[in-house]
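Enquirer: Here you go, sequence then predicted model.
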Amino acid sequence: MPIRPSRPLVAMALAALMALPVAAQEREGNAGAYLAARMAAMENDYREAALWYGRLIETGSNDPGTLEGAMIAHLGMGEMDRAGELARQIIQKGGRSQPTFIAMLIDQSAREDYAQLIANIQAGRSVGKLLDDLVTAWARLGDGRMSDAVGAFDAIAKAPGLEAFGLYHKALALASVGDFEGADNILSGREAGTIALMRRGAIAHAQVLSQLERNADALALLDRMFGSEPDPQIDALRARLEAGEPVPFDVVRNAKDGIAEVFFTLASALRGEAEDGYTLIYARAAAYLRGDFSEATLLAAGLLESLGQPELAGEAYAGIAQDDPVYHVAEIGRADTLRASGKTEAALEVLLALTRSHGNLIEVHSAYADALRREERFADAIPVYSRAIEMVEEPEQRHWTLFYSRGISNERAGKWPEAEADFRRALELNPDQPQVLNYLGYSFVDRGENLEEALGMIERAVAAQPDAGYIIDSLAWALFRLGRYEEAVEPMERASLLEPVDPVVTDHLGDVYWAVGRKLEARFQWHRALSFEPEEDEAIRIRRKLEVGLDAVLAEEGAKPLTEVANESN
């Protein structure tokens with residue numbers, strides 16, 4: 001069951017900002033700073049918001065609305081110390097809000113003031129029932145009351161839909177105090193049935209098994225969960241297990257780590273379910289409470305990217321050390337933020353350097369090749385994709401993307417035989433993949449080859465993704481190229497509705513209309529296509545069609561007349 005916040009953080013922030021009286025700000029000469037702060041907050045620009053709210057506070061504006069706006073900005077920045085100071089000021093002024101309570105909870109957890117943390121939650125300073133209950137359970141452990149903590153975790157595990165949360169955190173709590181048998185009973189499913197383990201859960205279970213002198217079982221678990229492809233973190237753990245070492249349990253070492261894990265667990269569950277601004281606070285809290293929590297830092301950086309803050313995201317990625325097992329993931333993310341900021345060459349340099357420092361990782365070469373392909377450096381991308389493919393010992397279904405991406409690069413580089421071979425290999429690995437079916441089918445149509453096979457491929461792609469406008473365009477275009485013009489009208493119109501500002505789809509609609517005699521509508525669609533900024537070669541062709549008509553353009557190109565194609569299809 002999705003875990004949703006009772007009130008989205010962004011909505012609360014805006015409510016707090018709207019409550020700030022503009023007239024009062026104007027009387028104090030702070031209207032400009034107020035409006036700048038408000039606009040920055042609305043755009044999720046946490047740095048600018050913190051700057052302008054800070055200026056308001058410096059000039060004496062310390063009402064709860066201004067303080068809360070500043071506090072939320074500092075939470076988004078990951079500056080939890082300052083957020084905690086502001087939260088205390090808000091509470092002193094009688095403020096009560098979920099963001100304030102989050103900031104206070106983070107502050108008390110960092111200071112390991114577990115007794116006061118529990119008292120505050122019991123007094124009604126609630127963030128949300130599940131987080132309140134999980135944090136309280138860990139706080140009881142931190143306060144030296146292990147039996148109370150176990151009872152609290154058990155109570156959560158009995159709540160419908162929340163069983164996995166209670167069981168997982170109970171297992172971590174037991175392992176943190178040395179009860180590895182109890183932890184294994186939960187993680188193995190013997191105590192209360194199987195619970196789905198994500199990456200950290202699998203690592204935790206492997207460490208637990210090692211502490212129970214069951215390294216062989218731990219290795220089997222890693223093989224089952226992660227396969228054999230290179231993975232720095234898993235490879236390091238596997239090497240220690242193979243050497244017979246008793247690997248220490250360090251996924252959660254104490255109550256503060258446990259609370260960090262709560263924030264990370266819920267942030268992972270909330271992503272895509274709650275507003276990103278809300279989820280970001282949880283990820284930032286996890287990273288703050290445990291300084292080496294690189295997974296939480298990666299999550300926060302990804303959320304900042306989603307919020308349109310590439311510079312802040314890049315700073316978060318850059319905070320992960322080069323010797324960290326997830327450094328390569330962070331660098332790939334940092335390259336994405338550089339590209340989003342318009343620094344394309346810098347992004348490529350980051351990825352090129354990564355192929356040298358982490359050249360044994362398939363995803364590193366794939367990321368570099370993807371970046372080259374996005375910049376239309378197709379010839380450069382091909383050998384990088386080839387290197388990634390060479391590193392795959394036995395291609396599996398999940399490797400279809402490598403062949404598909406190299407196929408695109410080969411096709412765009414004018415190497416059609418190689419491209420077709422790549423697309424067909426991708427389909428061998430994943431026969432019903434709609435993107436590959438559509439690309440290969442459309443390529444055949446565009447080349448005037450294998451039209452019946454192409455139509456079948458595209459029909460399968462449409463069946464898999466019936467609302468994808470670009471795939472429906474391929475279907476209509478295949479019918480058009482086969483001379484089945486009347487049949488092409490309905491899917492082409494549907495594609496145009498789904499992709500209303502796509503120049504290619506709109507151009508195709510014009511061609512279909514022309515073929516069925518609706519020439520005035522055809523010219524209208526060609527004019528629309530030009531307004532959507534097509535590629536220059538396509539724009540030249542569209543202008544020519546507007547001058548002399550589609551039939552004349554086909555004749556100039558040496559193509560068969562529309563009527564001849566239609567007759568051949570009958």
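Expert: Arrived safely, thanks for sending. This structure is a prediction, so every number in the text was calculated from the model and none was measured. Numbers count the residues shown, from 1 in each chain.

Enquirer: Flag every buried residue along the longest helix seen in the chain.
Expert: For the chain, the longest helix by residue count, based on DSSP state H, is helix 255-270. For helix 255-270, the neighbour count (16 or more other C-beta atoms under 10 Å) marks 255-270 as buried. C-betas here are computed from N, CA, C, even on glycine.

Enquirer: How about stretch 435-455?
Expert: Using 16+ other C-beta under 10 Å as the test for burial, stretch 435-455 gives 435-445, 450-451, 454-455.

Enquirer: Just give the closest residue to residue 498, not the sequence neighbours.
Expert: Among residues not flanking residue 498 along the chain, residue 469 sits closest, at 3.0 Å (C-beta to C-beta, 6 or more residues apart in numbering).

Enquirer: cool, residue 569 as well?
Expert: residue 483 (3.6 Å).

Enquirer: quick one: residue 268 and residue 363, what's the gap?
Expert: Between residue 268 and residue 363 the computed distance is 20 Å (C-beta to C-beta, to the nearest Å).

Enquirer: With residue 460 instead?
Expert: 29 Å.

Enquirer: In contact with residue 511: list those residues for me.
Expert: By C-beta atoms under 8 Å, 6 or more residues apart in numbering, the contact set of residue 511 is 480, 522, 545, 550.

Enquirer: Now the two most distant members of these.
Expert: Using C-beta to C-beta, those span at most 14.3 Å, a distance reached by 480 and 545.

Enquirer: so the residue nearest to the spatial centre of the chain is in which element?
Expert: In the chain, the centroid-proximal residue (C-alpha atoms, centre = their mean) is residue 302; its distance is 6.2 Å. Assigned by DSSP states H and E, residue 302 falls within helix 294-306.

Enquirer: got the angle between that helix and helix 255-270?
Expert: Interaxial angle, helix 294-306 versus helix 255-270 (axes from the mean of the first three to the mean of the last three C-alpha atoms, to 10 degrees): 40 degrees.

Enquirer: What mean pLDDT does helix 294-306 get?
Expert: Averaging pLDDT along helix 294-306 yields 97.

Enquirer: So what touches that helix?
Expert: For helix 294-306, contacts defined as C-beta under 8 Å, 6+ apart pick out 78, 199-200, 260, 263-264, 267-268, 271, 276, 279-280, 283-284, 286-287, 290, 310, 312-314, 316-317, 319-320, 324-326, 329-330, 333, 336-337, 340.

Enquirer: among these, which ones are buried?
Expert: Listed as buried from those are 78, 200, 260, 263-264, 267-268, 271, 276, 279-280, 283-284, 286-287, 290, 310, 312-314, 316-317, 319-320, 324-326, 329-330, 333, 336-337, 340; burial here means 16+ other C-beta under 10 Å.

Enquirer: taking those residues one by one, which sit in strands?
Expert: Judged by DSSP state E, the subset of the buried ones among the contacts of helix 294-306 located in strands is empty.

Enquirer: Tell me how far the residue nearest to the centre of the chain lies from residue 332.
Expert: If you go by C-beta to C-beta, the gap between residue 302 and residue 332 works out to 11 Å.

Enquirer: Outline the domain layout of the protein.
Expert: For the chain, automatic domain parsing gives the domain ranges 1-145+276-290, 460-570.

Enquirer: For the shortest one, measure first residue to last.
Expert: Just to be clear, that refers to domain 460-570. End-to-end distance for domain 460-570, by C-alpha to C-alpha, to the nearest Å: 23 Å.

Enquirer: ok, back up a step: might one say that the residue nearest to residue 569 is in contact with residue 561?
Expert: No: in this structure residue 483 lies outside contact range of residue 561 using C-beta atoms under 8 Å: 10.3 Å.

Enquirer: So these two - more neighbours on which side?
Expert: residue 483 (20 against 11; other C-beta atoms under 10 Å).

Enquirer: The more buried one - that's part of a helix, no?
Expert: No: under DSSP: H, G, I helix; E, B strand; the rest coil, residue 483 falls outside any helix and is assigned coil.

Enquirer: Listing request: residues of this protein with sub-threshold pLDDT.
Expert: Residue ranges of the chain with pLDDT under 70: 1-29.
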